[in-house]
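Novice: predicted coordinates and the sequence they were generated for:
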Amino acid sequence: MLVKVFGSAVFGVDATTITVEVNCDKGIGYHLVGLPDSAIKESSYRIAAALKNIGYQLPGKKITINMAPADLRKEGSAYDATIAIGILIASSQIKADNFANYIIMGELSLDGTLQPIKGALSIAIKAQEEGFKGIFLPKDNVKEAAIVEGLDVYGITRLNEIIDFFEEKIVLQPEKLDTEKEFGDVLDFPEFDFAEVKSQESIKRCMEIAAAGGHNIILIGPPGSGKTMLAKRMPSILPPMTMKEALETTKIHSVAGKTKDVGLMRGRPFRSPHHTASSVSLVGGGSYPQPGEISLAHNGVLFLDELPEFKREVLEVMRQPLEDREVTISRAKFTITYPSSFMLVASMNPSPSGYFNDPNAPMSSSPLEMQRYLNKISGPLLDRIDIHIEVNPVPFEKLSDKGTAESSIEIRKRVTHARALQTKRFESFQNINYNAQMTSKHIRQFCALNDDSLSLLKNAMERLNLSARAYDRILKVSRTIADLEFSDAIQSHHIAEAIQYRSLDRDGWLS
């Protein structure tokens, strides 16, 4: 008897429906075809033990299983439940009439329980698009899949539940998720708050500008000056995610298997890889393609602490994703594109000793040593960072001050208002939501300068020997500063402030 049951394969961040054809015939043998990997080939042992332990058996017949389309490589153990149900129906051990209306996915334990899988949200979205009535998933994956409307999502603990459902012995209730309530539950008490940061008002101002325009920022200063403390608080002042951003972010984390029992992700991601990270772990890929840190930081913050300590070749692979907001991984057998629209927040010491050229410092470095240390970071990468700012240590008087600083909630209100202006400004443009995403065409249209501002910028370009990319960065940051002041036009003081945030472009800044 031949039956066709349906599963799904995740490729990149999207899913493809897989038809699992199971044929039971006279003879003996177990043949699995359709480009399965080792984990799928081993499924016969898991399925045989699981069926026996729930009161069924692997039939002593010739079983041929084809996973179509046969030219698409299938990976992982998520097809165990799909194949097991197909075998039971094809061998007439169970009777089912409506199984073709459902997607079935899940890894089997030897006792018949289902283990969580990756990419449940992508699978559910594809099932809804192709008109399936419902989907069976492990219990741990049901929350994220329930985000999709118009699809019955069933959370399954044991394989028996699917069998009894098809044989109409039990009635399963689909998981219901109030997406609006889930999404509307905004975090008003962030874990890390700018109110805890003493002094550093000028740095907070830079962080606010960076958050308002989605600009990349690098903090340069000696140990203990508060660089990491400030960076960790960046997500607390970013505006709440839109529903579209929340779905995009959840989808990527679902593919990476990081949404167990989470549902819809509401908070913006904050990723902080160690400086020993490889280029593949950063941008994604591998023999079994997975999104990297820059994609897991999509719609959030990627924090690179001690930037010069990262290998140069690792940092250089970020140059193209920083510009294009996506990363395309090309290999001999596949090409995958992952979204990677993130804010880069980096920090670094100005020298190997960590201190400026200060005779009172515990360990000082000469300007030559400091410049050699800075040269570990390429000019093109620094050009892609909009804001460079020096962070100085906080004096004792400020540290011991018992007064409270402005909270993240208050700063976020201003950031959200500025982002709302930008959303309205770019509403007729695709894939442009905030100032940092502007191309040269948009800069010419929305960053027009008066004569005084133009003269000021010209002098800065000539004196600092800035590149054309740095010119664009200054205009983008100026546009954000103007937005924070609700100014339609960019004024000369906006340009002057933006120029101050190009520390690494200034000759003699180390002296």
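Specialist: The structure has been received and is ready for your questions. Residues are numbered from 1 along each chain as shown.
Novice: got the phi and psi for Pro395?
Specialist: Per-residue torsions, Pro395: phi -70, psi 160 (degrees, to the nearest 10).
Novice: show me what contacts the residue found closest to it once you drop the neighbours it is linked to in the chain?
Specialist: With sequence-adjacent residues excluded and distances taken as CB to CB, 6 or more residues apart in numbering, Pro395 is closest to Ser199, at 7.6 Å. C-beta coordinates here come from the backbone N, C-alpha and C atoms, glycine included. For Ser199, the contacting residues are 394-395, 398-399, 401, by CB atoms under 8 Å, 6 or more residues apart in numbering.
Novice: excluding sequence neighbours, find me the nearest residue to Ile385.
Specialist: In this structure, Ile385 finds its nearest non-sequential neighbour in Asn216, 4.5 Å apart by CB to CB, 6+ apart.
Novice: how about Phe310?
Specialist: His275 (4.8 Å).
Novice: pretty sure that neighbour sits against Asp305.
Specialist: Yes. Taking contacts as CB atoms under 8 Å, His275 lies within contact range of Asp305: 7.1 Å.
Novice: compare the two (neighbour count), which wins?
Specialist: Between His275 and Asp305, Asp305 has the larger neighbour count (other CB atoms under 10 Å), namely 19 against 14.
Novice: the residue nearest to the more buried one when sequence neighbours are not counted and Gly263, how far apart?
Specialist: Once flanking residues are discounted, Asp305 sits nearest to Ser347: 5.4 Å by CB to CB, 6+ apart. Relative to Gly263, Ser347 is positioned 33 Å away (CB to CB, to the nearest Å).
Novice: report the contact partners of Thr113.
Specialist: Contact analysis of Thr113 by CB under 8 Å, 6+ apart lists 157-159.
Novice: by neighbours, which of those wins?
Specialist: For those, neighbours tallied by other CB under 10 Å; top is Leu159, 28 neighbours.
Novice: got the contact list for Lys258?
Specialist: Leu296.
Novice: quick one: terminal-to-terminal distance for stretch 325-342?
Specialist: Criterion CA to CA, to the nearest Å; first-to-last residue distance in stretch 325-342 is 7 Å.
Novice: I'd guessed Val22 sits against Gly86; true?
Specialist: Yes. If you go by CB under 8 Å, Val22 and Gly86 touch, sitting 3.6 Å apart.
Novice: hey, what's in contact with both of those two?
Specialist: 3-5, 65.
Novice: including neighbour count, could the residues you listed go into a markdown table?
Specialist: Converted to a markdown table, the shared contacts of Val22 and Gly86 look like this (neighbours: other CB atoms under 10 Å):
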| residue | neighbour count |
| --- | --- |
| Val3 | 20 |
| Lys4 | 16 |
| Val5 | 26 |
| Ile65 | 23 |
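Novice: export those to TSV and tack on secondary structure?
Specialist: Shown next, in TSV, are these (DSSP: H, G, I helix; E, B strand; the rest coil):
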residue	secondary structure
Val3	strand
Lys4	strand
Val5	strand
Ile65	strand
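Novice: for the stretch 351-500 of the chain, what spans make up the strands?
Specialist: Using DSSP state E, counting those that start in this stretch, the strands found in the stretch 351-500 of the chain span residues 387-390.
Novice: any idea where the helices of it begin and end?
Specialist: Taking DSSP state H, counting those that start in this stretch as the test, the helices found in the stretch 351-500 of the chain are 367-374, 379-383, 396-399, 408-425, 440-446, 451-464, 468-484, 492-500.
Novice: send the alpha carbons of the longest one over as CSV?
Specialist: Right, the one you point to is helix 408-425. Extracted in CSV, the C-alpha atoms of helix 408-425 (Å, rounded to 0.1, in the frame of the first residue of the first chain):
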residue,chain,number,x,y,z
SER,A,408,16.0,54.3,29.8
ILE,A,409,12.2,54.7,29.6
GLU,A,410,12.5,58.5,29.3
ILE,A,411,15.2,58.2,26.7
ARG,A,412,13.2,55.6,24.8
LYS,A,413,10.3,58.0,24.5
ARG,A,414,12.5,60.5,22.6
VAL,A,415,14.0,57.8,20.5
THR,A,416,10.5,56.4,19.6
HIS,A,417,9.3,59.8,18.5
ALA,A,418,12.3,60.3,16.3
ARG,A,419,11.9,56.9,14.8
ALA,A,420,8.2,57.7,14.1
LEU,A,421,9.3,60.7,12.1
GLN,A,422,11.6,58.6,10.1
THR,A,423,9.0,55.9,9.5
LYS,A,424,6.7,58.5,8.0
ARG,A,425,9.5,60.0,5.9
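Novice: for that helix, name the packing helices and strands.
Specialist: helix 201-213, helix 468-484 (3 or more CB pairs under 8 Å, 6 or more residues apart in numbering; DSSP states H and E).
Novice: list the neighbouring strands of the helix or strand following the shortest one plus their orientation.
Specialist: Taking DSSP states H and E as the definition, the helix or strand that follows helix 201-213 towards the C-terminus is strand 217-220. Strand 217-220 has its sheet partners listed here by DSSP bridges as strand 343-348 (parallel), strand 387-390 (parallel).
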